[in-house]
Structure formats: structure tokens, C-alpha cells
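Undergrad: got a structure for you, letters missing:
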Ligand SMILES: Cc1ncc(COP(=O)(O)O)c(C=O)c1O
């Protein structure tokens, strides 16, 4: 006899478990991280905070919320921070969903939404997409009286595609007010300028809309684990009720505050990644790849013959010959695709060269 668990076990998953056969340094293009180290002021803030690590950070992240509010033109008491935005997705689910309830997502929606639904025992409902893009009409049609939350990422991971603001506004207007609409903007900074601010505007117009953001992508602080949620007044105290007391650690708070003072650095890095995205998308299209129209810091691509076997062989080839790690998307139902994060030009060039050699076949 053993204690009874309510969840299925989650195996520890290796990406590519074997060592790189040539002993090359690994180039991880599989996690949608930024390829740059923290800006000098961010590194300084981290070092300073490390010297005070005997003390707790602010439990309600006061300085960080104030800085986020000022930077984004939002009321700081409508902001809650979390240990990465993934914590806040869980927090929202714990507040609003229970077994028997439904959580609605888009067909190729971010994998974490499904994990979150599983954790609270809610049923996961998927609405079909059009051209690998969330379909607002299909989402609205999938709402039932048991729907409690609709999680929607724009741009979405792993597809990289995005729904325009007008469609999101239509969704917010059409959805029953009893369904929480969570708009995940983890990659929003890589979308056309102004998109994030406009999406935040929907929170002011609707009592049931919340927006999540992260420091893991454009701000390059994935290891610090800082995310935030902007929601209506009434919702924030409920989210605090479900969140741990000191989940954003003091070092992470200091790093995030410093990053908000380095917006020029953030903006120039985002510009470089977006320009590399255009360059790689064009080059891969010329090589015959299917390249989804990404608005994020990664591309979802499928090789010219479009078979899952070729995709798998290419994933292995990138690792074996260049040490490049990319992301397999078969678990998301995208067997013929692979996803890679845009990096600096030299690593992106290496990826292109390795892809070309793969297509040319053995010499
Ligand atoms: C769409 C999307 N949302 C949220 C997250 C969670 O990011 P974090 O917990 O690092 O803020 C990710 C991470 O990859 C993501 O792809």
C-alpha cells in the first residue's frame, strides 16, 4: 500500500540525453531564452542583492510593482508578481477552477496551460485552430456553462503566431463575463510595437480579463524567474490568496527592477532578435522549409519533405554535427515541425549552414 496521489507522475525529461559526440560546446536554441548575458546594471543589482541574501525580499514586491506600473502606465495595485509567469497561471487556475470545471485553450496552445489544468483536476478543452493560429470563433463556440478559464498566448508558443488586437477585443466582448480570459504576453515584446499596451487596455474594459507578462524572454532573465499579472482590482487580492508568501526572491526582484531601468538595452536586443527572425525565416523559406509566421523570438519550421522522420533526423543532425539543441514539438501534436530560438547572428548562421549540409546529404 502507498499513499494515494491525485496527479499522474511527471517523468524527468531530458532533451537530448546523450553527450555531444564530437565534444563540441552545446548551443541551446531549445528554450526560447535570450542569448545575451544580463546588462551590466542588472548584474550589479544581482551582486548587491546577493550580499543581503540573509533577508527576505518584499513579500508584495512593492518596488518592482511600482516600477512596472510606472513603466507600463498601470496602477501598481492591479499588478501581482510571481516566480515566473508560470506560477501566476497556476495561481489563476487554483483560484477559479476545480475538478468538473473546464479550462479552454487553443489547439496548439502553450503546453503549460494543459499542465496547469491537470494540476487542479479541471478538464482541458481544445478549440481547433486555422492555419496554426488561434481561432476566436472556434474558442467562443467551445465555451460551455462549465468553462471557468480561457488561457490564450499571443504570440503563442510553440507556433509563434498571433491574433490581432481587434480579434482579442471581440473575444473579450463575446465571452460570458463568468469566464476568466487570461491573455499571456510572454513574447509580446517581439510582436509589433504597441501590441502589449493595447492588450493591457482590455483589462480596463472588462472585469474578467487578466494579462500575464514575463522577464524570461525579452528581458533575458529566465533564470531569475520573475513574471507578473495585470488584472482587475477585485481579482488581485484573490490571486494573493493562492500565491506563496515570498515567491519572487529578493535577488530576482532586484534584477527585474534594474532591468526596467535598462529599457534601451532591452529594446536594442529585441530589435536584433526580430531582425534575425526575418533573416532566418527568409533563408529557410528559400531552402524549401515551411516557416510559420512567427511574431516571437523563435521559429517553428518543417523541412521540405514535411515528414516527422526527416524532422527527427534534422534534430539529431543539428546536435551531432554542431552541438545545437532545438525543441521537438511532437508532444504538442506538431510532429513534422521543430522549434528553435533566434540567437546571435553567428549561432543562427551555424544553424543555417548545418541545415544546408543536412539537405545536401552525406558528401
Ligand atoms: C507562452 C508562454 N507563457 C508563459 C511562459 C512561462 O514563462 P516564465 O515562467 O519563465 O515566465 C512561457 C515559457 O516558455 C511561454 O512560452
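TA: In hand now; what should we look at? Keep in mind the model is a prediction, meaning the values are calculated, not measured.

Undergrad: how about the nearest residue to the residue nearest the centre of the chain, chain neighbours excluded?
TA: When CA atoms, centre = their mean is applied to the chain, the residue found nearest the centroid is residue 186 (4.4 Å). Nearest residue to residue 186, sequence neighbours excluded (CB to CB, 6 or more residues apart in numbering): residue 214, at 4.8 Å. Every residue, glycine included, has its C-beta placed from N, CA and C.

Undergrad: With residue 259 instead?
TA: With CB to CB, 6+ apart, the residue lying closest to residue 259 is residue 219, at 4.8 Å.

Undergrad: wait, what's in contact with the residue in the chain that the ligand sits nearest to?
TA: Nearest residue of the chain to the ligand (CB to the nearest ligand atom) works out as residue 84 at 2.7 Å. Residue 84 is in contact with 214, 216, 225-227, counting by CB atoms under 8 Å, 6 or more residues apart in numbering.

Undergrad: filter these by proximity to the ligand?
TA: Taking CB under 6 Å from any ligand atom, the overlap between these and the neighbourhood of the ligand is 214, 216, 227.

Undergrad: Identify all contacting residues around the strand or helix carrying residue 91.
TA: Counting by DSSP states H and E, the element that carries residue 91 is helix 85-96. Contacts of helix 85-96 with the rest of the structure, by CB under 8 Å, 6+ apart, involve 80, 82, 103, 112-113, 116-117, 119-120, 122, 148-149, 151, 180, 182, 184, 186, 210, 212-214, 216, 225, 227-229, 238-239, 241-243, 247.

Undergrad: rerun at 7 Å
TA: Residues from elsewhere that reach helix 85-96 (CB atoms under 7 Å, 6 or more residues apart in numbering): 80, 82, 103, 112-113, 116-117, 119-120, 122, 148-149, 151, 180, 182, 184, 186, 210, 212-214, 227, 229, 238-239, 242-243, 247.

Undergrad: and what of stretch 29-49?
TA: By CB under 7 Å, 6+ apart, stretch 29-49 touches 15, 157, 217, 220-222, 250-251, 254-255, 257-259, 261-262, 265, 269, 297-298, 324-327, 340-341, 343-344, 347, 351.

Undergrad: Among those, which lie within helices?
TA: Of the positions in these, 250-251, 254-255, 257-259, 265, 269, 347, 351 sit in helices, assigned by DSSP state H.

Undergrad: For the residues you listed, give me CSV that also has distance to residue 60 and neighbour count.
TA: Shown next, in CSV, are these (distance: CB to CB, whole Å; neighbours: other CB atoms under 10 Å):
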residue, distance to residue 60, neighbour count
250, 13, 18
251, 17, 20
254, 15, 23
255, 18, 29
257, 14, 20
258, 19, 22
259, 19, 24
265, 27, 18
269, 29, 21
347, 39, 19
351, 43, 22
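
Undergrad: Flag every residue of the protein that's near the ligand.
TA: Checking the chain against the ligand by CB under 6 Å from any ligand atom, the hits are 32, 84-86, 110, 112, 153, 157, 184, 186, 214, 216, 222, 227.

Undergrad: Need the three-state assignment for residue 277.
TA: helix (DSSP: H, G, I helix; E, B strand; the rest coil).

Undergrad: isn't it right next to residue 293, touching?
TA: No: look at residue 277 against residue 293 with CB atoms under 7 Å: they stay out of range, at 10.1 Å.

Undergrad: Can you pick out the residue with more neighbours from those two?
TA: Neighbours were counted for residue 277 and for residue 293 using other CB atoms under 10 Å; residue 277 has more, 22 against 15.

Undergrad: How about that one, nearest residue that isn't a chain neighbour?
TA: Nearest to residue 277 is residue 342, by CB to CB, 6+ apart, at 5.1 Å.

Undergrad: ok so the residue nearest to the centre of the chain is a helix residue?
TA: No: with three-state DSSP as the criterion, residue 186 is coil rather than part of a helix.

Undergrad: residues in contact with it?
TA: Residue 186 neighbours (CB under 7 Å, 6+ apart): 85, 153, 157, 214, 217.

Undergrad: Among those residues, the buried ones, what's the ChimeraX command?
TA: ChimeraX command restricting these to the buried ones, with burial defined by 16 or more other CB atoms under 10 Å:
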select :85,153,157,214,217
